[in-house]
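Student: Need a 3D model of the sequence below.
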Amino acid sequence: MSPCFTVHRRLCRAPLAIGFPYLYLLLSSLLIAHAQVFQSCNEVTNCGPGLYCGNCLALGKTQPICTRGQAILPNSIINGLPFNKYTWLVTHNSFSIVDAPSLPGVQRLTFYNQEDTVTNQLRNGVRGLMLDMYDFEGDIWLCHSFRGQCYNFTAFQPAINTLREVEAFLRENPTEIVTIIIEDYVHTPKGLINLFTNAGLDKYWFPVSKMPKKGEDWPTVTEMVQENNRLVVFTSIASKEAEEGIAYQWKYLLENEAGDPGLKLKLAKEHSTPLAQMVGTCYKAAGNVVPNFLAVNFYMRSDGGGVFDAVDRMNGQTCGCSTVTACQAGAPFGSCKNVTLPNQQHFYHIMDTVNDFWMKVGDPLLCLDG
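Tutor: Got it, this is the predicted structure:
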């Protein structure tokens with residue numbers, strides 16, 4: 001693995017209270033000017049809000065630059081649209097975190113997909129989690145495994161631990177909506193629904209009965225928040241929709257071809273398509289329909305704007321602009337502010353698979369990047 005290094009405090013990277021990094025940035029703004037995205041930085045120079053000082057040797061970068069580390073939530077600018085009109089950032093195998101402790105006396109043998117805790121992913125604007133759940137040791141565990149079975153060397157932790165992180169986030173952020181997409185290997189009767197109930201997430205549940213069945217629009221984000229239906233959950237097992245009230249994902253989601261199964265690390269410089277180009281290609285191929293979820297590995301890694309800028313461009317479609325940062329709340333469609341877009345050469349994202357995942361709820365998504 002050729003990692004991207006950071007030489008300054010990462011946003012929401014440490015498991016400390018989130019207030020300290022933000023307070024540090026606010027106080028430092030009184031002392032020195034902030035460097036902006038793509039600008040050089042060092043241990044003394046602070047990057048602007050939502051940025052961290054990072055270096056990616058795999059891209060031949062010897063000088064650290066300010067790199068985006070937080071998403072702009074589209075409904076914070078253009079609010080009140082149906083849930084399926086936005087694009088949300090999703091982390092693939094959100095639980096498969098580098099340096100996560102393994103079982104005592106066991107060396108983990110698996111592939112990793114993220115570097116932040118789930119709590120920090122959510123704090124940084126991730127709004128969808130892809131979780132692999134298995135029956136293991138008399139409980140339900142998160143495992144990055146194979147052949148439908150969890151082993152002690154592929155196990156991470158009981159799933160309820162991660163779900164409690166989600167519950168805490170939803171409780172502390174009463175206007176946020178989170179989607180969980182489960183690769184489901186749980187065979188315990190009522191195992192999943194009992195798991196979510198025990199984690200305290202049943203009170204946020206978006207019921208299957210409210211999900212559009214024929215491609216109609218979903219409820220607006222405002223309605224979902226007002227009714228506290230702020231957790232959308234999908235399973236890969238069809239029978240659980242009737243048995244446990246958990247939506248079968250392929251009844252509501254369409255996904256592009258995801259590329260190889262992640263057996264080798266693919267570096268942006270050599271193997272990945274610029275995300276900015278993927279945005280335009282997928283949008284046109286799908287009949288001018290934007291995907292609802294962009295799922296990636298190592299979401300913080302890039303040479304500047306990364307996946308965050310790509311999602312901004314997708315969400316610009318909500319107001320007819322090239323990026324959501326150009327949208328103006330309450331303005332007519334197509335009334336855009338003048339903003340400077342990052343150069344497309346910076347729209348690389350380092351992943352361990354060739355392609356990103358694109359998923360659409362409701363309407364068909366025809367874009368295949370394979």
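
Student: give me the number of residues near Phe234?
Tutor: 25 (other CB atoms under 10 Å). (C-beta placed from N, C-alpha, C; glycine too.)

Student: again with Gly334
Tutor: As a burial measure, Gly334 scores 8 neighbours (other CB under 10 Å).

Student: With Asn173 instead?
Tutor: 13.

Student: which residue ranges form the strands in the stretch 201-350 of the chain?
Tutor: Remark: strands assigned in the stretch 201-350 of the chain by DSSP state E, counting those that start in this stretch are 231-235, 247-248, 253-255, 293-296.

Student: Adjacent strands (with direction) for the second one?
Tutor: Spelled out, it's strand 247-248. strand 231-235 (parallel) (DSSP bridges).

Student: My guess is Ile246 contacts Gly191. True?
Tutor: No. Applying CB atoms under 8 Å as the test, Ile246 and Gly191 come out as separate, 10.6 Å apart.

Student: between these two, who's got more neighbours?
Tutor: Ile246 (22 against 17).

Student: Quick check: the more buried one vs Gly138, distance?
Tutor: 21 Å (CB to CB, to the nearest Å).

Student: Partner strands of whichever strand or helix holds Trp141 and their direction?
Tutor: Assigned by DSSP states H and E, Trp141 falls within strand 139-143. Next to strand 139-143 in the sheet, as set by DSSP bridges, lie strand 128-136 (antiparallel), strand 155-158 (antiparallel).

Student: Tabulate those (JSON lines), appending distance to Thr340, mean pLDDT and mean neighbour count.
Tutor: Below are these laid out as JSON lines (distance: least, CB to CB, whole Å; pLDDT from 0 to 100; neighbours: other CB atoms under 10 Å):
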{"stretch": "strand 128-136", "distance to Thr340": "29", "mean pLDDT": "97", "mean neighbour count": "23"}
{"stretch": "strand 155-158", "distance to Thr340": "41", "mean pLDDT": "97", "mean neighbour count": "20"}
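
Student: Dump these to TSV, plus distance to Ile77.
Tutor: Formatted as TSV, those follow (distance: least, CB to CB, whole Å):
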stretch	distance to Ile77
strand 128-136	19
strand 155-158	35
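
Student: Can you check which of those strands gets nearest to Ile237?
Tutor: Closest approach to Ile237 among these (CB to CB): strand 128-136, 10.3 Å.

Student: Not counting the closest one itself, show me its contacts.
Tutor: Strand 128-136 is contacted by residues 88-95, 118, 121, 140-145, 148-150, 155, 159, 162, 166, 178-188, 191-192, 195, 293, 295 when judged by CB atoms under 8 Å, 6 or more residues apart in numbering.

Student: hmm, 6 Å instead?
Tutor: Contacts with strand 128-136, where a contact means CB atoms under 6 Å, 6 or more residues apart in numbering, come from 88, 90, 92, 94-95, 140-143, 150, 155, 159, 179-188, 293, 295.

Student: Count residues in the vicinity of Gly105, would you?
Tutor: A count of neighbours around Gly105, defined by other CB under 10 Å, yields 6.
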